[in-house]
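J.: From the sequence below, what's the structure:
(2 chains)
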2 protein chains.
Amino acid sequence: MNRPTPERIFNTLTAFQSSAALKAAIELDLFTLIGEGATTSAALAQKTCAAERGLRILCDYLTIYGFLAKENNSYGLTQESAIFLSRRSPGYIGSAADFLTSDRSIANYRSLTAAVRKGGTVAGDGSNTAPDDEAWITFARSMAPMTGISASFIADLAGAGEGHPMTVLDIAASHGMFGIAIARKNPQAQIVALDWPNVLQVAVENAAAAGVGNRLATIAGSAFDVELGSGYDCVLITNLFHHFDAAGCEKLMRRAHAALKSGGKVFTLEFVPNEDRISPPMAAAFSLIMLANTDAGDAYTFAEYDKMFRNSGFASTTLHQVPDMPQQVLVSLK
Amino acid sequence: MNRPTPERIFNTLTAFQSSAALKAAIELDLFTLIGEGATTSAALAQKTCAAERGLRILCDYLTIYGFLAKENNSYGLTQESAIFLSRRSPGYIGSAADFLTSDRSIANYRSLTAAVRKGGTVAGDGSNTAPDDEAWITFARSMAPMTGISASFIADLAGAGEGHPMTVLDIAASHGMFGIAIARKNPQAQIVALDWPNVLQVAVENAAAAGVGNRLATIAGSAFDVELGSGYDCVLITNLFHHFDAAGCEKLMRRAHAALKSGGKVFTLEFVPNEDRISPPMAAAFSLIMLANTDAGDAYTFAEYDKMFRNSGFASTTLHQVPDMPQQVLVSLK
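T.: I've put the predicted structure just below:
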């Protein structure tokens, strides 16, 4: 760019439109239908009972944004949309739209200026950790497909492939996919999933579907209060610490420490920005999501996690990048 | 990209967050304050009475998205933000956030799936052309700074610099900046601005501020119904046709034709996609804005405009790209 233009400012102020467009395409299941051969707006109109004009404009927009290809007024899937947005693909993650563009999150972002002023969410639900919060049902049902790579990565880090007997406590288990990935790789693994009762139903369903239902026990309640048990080989804490301030994180870490056997490990999945807090982009940008949606949550740096884990009694913590994903895994040794 | 990842899908579904972040920064006037020397989150907290934590997270996010630079925990303006987002700059366009991220537009995009099904907006206000619609006051007040380049370009195309006596009808004049640009370049130009009465107040204010108030007359009412006068050298129709279907556009074109003297010209400012309807990106993507917000509006191609103008009696139409801007100007000869 030689001379600055207002184009990027305009594009950013209107970026909410691209979220809405992709969400609409997922809701109308256009990627699946195009993959099945309904490649014109007329054919899509017949399949969806939506207006051809609306479909033409939406599909053109999706083409501009790289989610479709267009040739001779016929639309086709890109490699990316074929893998991730067609329901016929095992890699389908379209359901993530339900959580990522939820009414609650959009409402919280509409109050972002007020959240900046306050230094935390202006929503009444604060830490998002009220019992039986419907949002966590949505999360469990919609975000499970996003976990494949990182769940497999954690299972490998935890040595699931070695097949030794192991007990795993999965704190705030949600869909249960992280514990289930270990159970699938290790027939000797026993999983204890902790979450709110209504969320645990989703984990139990997923464990049954994965054929490991008989090795998944549950604990219903708050990770801050409920009896955790003891002597675990592994504790999984995925996508949880970012909701809390340092004191809250350390409280959870001390509870995990007490529940582990000597030599046991906590596996933390998180968005971990570098010390500059502006890279890598997705991990660093995650802070704003916590500002908008929580009282005091954040994307903590590795130095901050390392200190919190040491304060909570852990001997050491190491950092591991999940391949192809924006998140990282911390392994903390008791 | 060798192997597809879900990153771009995730980024698109969460793109609404970047609109909210830039809007919040503009509302808190952070770019002006940083330009004035409040370059840390602590200094900004003092100036804005906002939480330092909120400002740190927002400024980091803006840095990730290229609107700020960060070094040693100190933030600085980029060339782009200094020119367009600091109120101290004559190029300031931050006010555009009021219109581009208006509650109405965001609400319409939250119903985008329904709009695709219907083939038009699901909002009750349809064509957005009800008399005294508050949205057009917001538009007139907030979008005027975006018009500098295109208004100057149209004034040159209209030969304002030659200084001959000329009469100009500015249909749906809004802020009036297009007619005012001609009046400023040509002391012999007389402008007639047409819009709703409450919108015309903004144009009258702007004309007075530009020192051309005595050469701006007004016509209050609908461009479809009101008496336009006749014998004009030029008719300006900027950002208007896209709200209507072809029949609506041609009705306006025929009225403009009748109002022009022989040899007179219509100057149309529009988003004009190529025949493929997927390029250039901003012009082509504009169709979706019309789907979400209007009953039957669209971003028409040059071939479509050329045909509509011919159907309405014009001899010829030529297309001119506005430099550094996503819009184009059509010049149609009577």
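
J.: And A:P90, how far from chain B?
T.: A:P90 sits 13 Å away from chain B when distances are taken as C-beta to the nearest C-beta, to the nearest Å. For glycine as for every other residue, the C-beta is placed from the backbone atoms N, C-alpha and C.

J.: Double-check that that residue belongs to a helix.
T.: No - according to DSSP: H, G, I helix; E, B strand; the rest coil, A:P90 belongs to no helix; its state is coil.

J.: Could you report the neighbour count for it?
T.: A total of 7 residues lie near A:P90 under the criterion other C-beta atoms under 10 Å in any protein chain shown.

J.: Look at it and report its pLDDT.
T.: The predicted local distance difference test score for A:P90 is 88.

J.: need the contact list for A:N239.
T.: A:A172, A:S174, A:L269, A:E270 (C-beta atoms under 8 Å, 6 or more residues apart in numbering or on different chains).

J.: Tell me which two in these are the farthest apart.
T.: When the contacts of A:N239 are compared pair by pair using C-beta to C-beta, the farthest-apart members prove to be A:S174 and A:E270, with a separation of 14.4 Å.

J.: neighbour count winner among the two?
T.: Regarding A:S174 and A:E270, a neighbour count based on other C-beta under 10 Å identifies A:S174 as having more, with 26 against 22.

J.: Give me the phi and psi angles of the more buried one.
T.: When read as degrees, to the nearest 10, the backbone of A:S174 gives phi 60, psi -120.

J.: show me what contacts it?
T.: A:W136, A:F139, A:A140, A:M143, A:A144, A:D195, A:V199, A:V202, A:A203, A:T238, A:N239.

J.: ok, now A:A193?
T.: With contacts defined as C-beta under 8 Å, 6+ apart, A:A193 is in contact with A:D170, A:A173, A:G176, A:G179, A:L200, A:A203, A:V204, A:A207, A:L216, A:A217, A:T218, A:I219.

J.: Report how many residues lie close to the fifth one.
T.: Using other C-beta under 10 Å, A:L200 is surrounded by 21 other residues.

J.: so which strand or helix has it?
T.: Element membership for A:L200 (DSSP states H and E) is helix A:197-209.

J.: Which strands border the following helix or strand past that helix, and is each parallel or antiparallel?
T.: Proceeding C-terminally, helix A:197-209 gives way to strand A:216-220 as the next helix or strand, assigned by DSSP H and E. Strand A:216-220 has the following strand partners under DSSP bridges: strand A:189-195 (parallel).

J.: what's the angle from the partner strand to helix A:197-209?
T.: Calculated by axes from the mean of the first three to the mean of the last three C-alpha atoms, to 10 degrees, strand A:189-195 forms an angle of 150 degrees with helix A:197-209.

J.: With just CA atoms, put strand A:189-195 into CSV.
T.: Output of strand A:189-195 as CSV, limited to C-alpha atoms (Å, rounded to 0.1, in the frame of the first residue of the first chain):
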residue,chain,number,x,y,z
ALA,A,189,-7.7,-45.4,30.7
GLN,A,190,-10.5,-44.5,33.1
ILE,A,191,-12.0,-41.0,32.7
VAL,A,192,-13.8,-38.9,35.3
ALA,A,193,-15.6,-36.0,33.7
LEU,A,194,-16.6,-33.0,35.8
ASP,A,195,-19.1,-30.4,34.7
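
J.: A:A38 touches A:L55, doesn't it?
T.: No - applying C-beta atoms under 8 Å as the test, A:A38 and A:L55 come out as separate, 9.7 Å apart.

J.: so what sits against both of these two?
T.: A:L44.

J.: The two - which one has more neighbours?
T.: In this view A:A38 and A:L55 are compared by other C-beta under 10 Å, and A:L55 has more residues nearby, 27 against 19.

J.: check contacts around that one.
T.: With contacts taken as C-beta under 8 Å, 6+ apart, A:L55 has the following neighbours: A:L28, A:L30, A:S41, A:L44, A:A45, A:T48, B:V116.

J.: Please name the nearest non-neighbouring residue to the second one.
T.: Distance criterion C-beta to C-beta, 6 or more residues apart in numbering or on different chains; nearest residue to A:L30, sequence neighbours excluded, is A:L44 at 6.3 Å.

J.: A:F99 now?
T.: The spatially closest residue to A:F99, leaving aside those adjacent along the chain, is A:S142, at 4.5 Å (C-beta to C-beta, 6+ apart).

J.: cool, and A:L269?
T.: For A:L269, the closest residue by C-beta to C-beta, 6+ apart turns out to be A:T238, at 3.9 Å.

J.: Could you verify that A:T138 is part of a strand?
T.: No - following the definition three-state DSSP, A:T138 is helix and is not counted among the residues of a strand.

J.: Tell me, how many residues neighbour it?
T.: Using other C-beta under 10 Å, the number of residues around A:T138 comes to 15.

J.: which residues touch it?
T.: The contact partners of A:T138, by C-beta under 8 Å, 6+ apart, come to A:D98, A:F99, A:S102.

J.: can you check A:G91 too?
T.: Contacts here follow C-beta under 8 Å, 6+ apart; on that basis A:G91 touches A:I83, A:F84, A:P145, A:G148.

J.: Select from the residues you listed the one having the most neighbours.
T.: Comparing the contacts of A:G91 by number of neighbours (other C-beta under 10 Å), A:F84 comes first, having 24 neighbours.

J.: Test my guess that it contacts A:S95.
T.: No - between A:F84 and A:S95 there is no contact under C-beta under 8 Å: 10.8 Å.

J.: rewinding a little: from the contacts of A:A193, pick the one nearest B:L62.
T.: Comparing the contacts of A:A193 against B:L62 with C-beta to C-beta places A:A173 closest, at 35.2 Å.

J.: So what sits opposite the nearest residue to that closest one once chain neighbours are set aside in the bridge?
T.: For A:A173, ignoring the flanking residues on the chain, the nearest one in space by C-beta to C-beta, 6+ apart is A:A193 at 3.7 Å. With DSSP bridges applied, A:A193 shows beta-bridge pairing to A:D170, A:T218.

J.: Against A:L216, how distant is A:A193?
T.: For A:A193, the distance to A:L216 under the criterion C-beta to C-beta, to the nearest Å works out to 6 Å.

J.: list residues touching both of these two?
T.: Jointly contacting A:A193 and A:L216 under the rule C-beta under 8 Å, 6+ apart are A:G176, A:G179, A:A203, A:V204, A:A207.

J.: Need the max-distance pair from the residues you listed.
T.: Among the shared contacts of A:A193 and A:L216, the pair separated by the greatest distance (C-beta to C-beta) is A:G179 and A:V204, at 11.4 Å.

J.: In terms of neighbours, single out the busier of those two.
T.: When A:G179 and A:V204 are compared for neighbours, A:G179 comes out ahead with 32 against 16, by other C-beta under 10 Å.

J.: packing partners for the helix or strand harbouring that one?
T.: Element membership of A:G179 [criterion: DSSP H and E] is helix A:177-185. Using 3 or more C-beta pairs under 8 Å, 6 or more residues apart in numbering or on different chains; DSSP states H and E as the contact definition, the elements that helix A:177-185 packs against are helix A:148-157, strand A:166-171, strand A:189-195, helix A:197-209, strand A:216-220, strand A:232-238.

J.: Dump the ones you listed to TSV, plus mean pLDDT.
T.: Putting the helices and strands packed on helix A:177-185 into TSV (pLDDT from 0 to 100) gives the following:
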stretch	mean pLDDT
helix A:148-157	94
strand A:166-171	98
strand A:189-195	97
helix A:197-209	94
strand A:216-220	97
strand A:232-238	98
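
J.: SS state for the closest residue in space to A:F302 that isn't next to it in sequence?
T.: Using C-beta to C-beta, 6+ apart and skipping residues adjacent in sequence, the residue nearest A:F302 is A:L319, 5.1 Å away. Classification of A:L319 using three-state DSSP returns strand.

J.: who touches A:D98 in this structure?
T.: For A:D98, the contacting residues are A:T138, A:R141, A:S142, by C-beta under 8 Å, 6+ apart.

J.: Sweet, I'm off.
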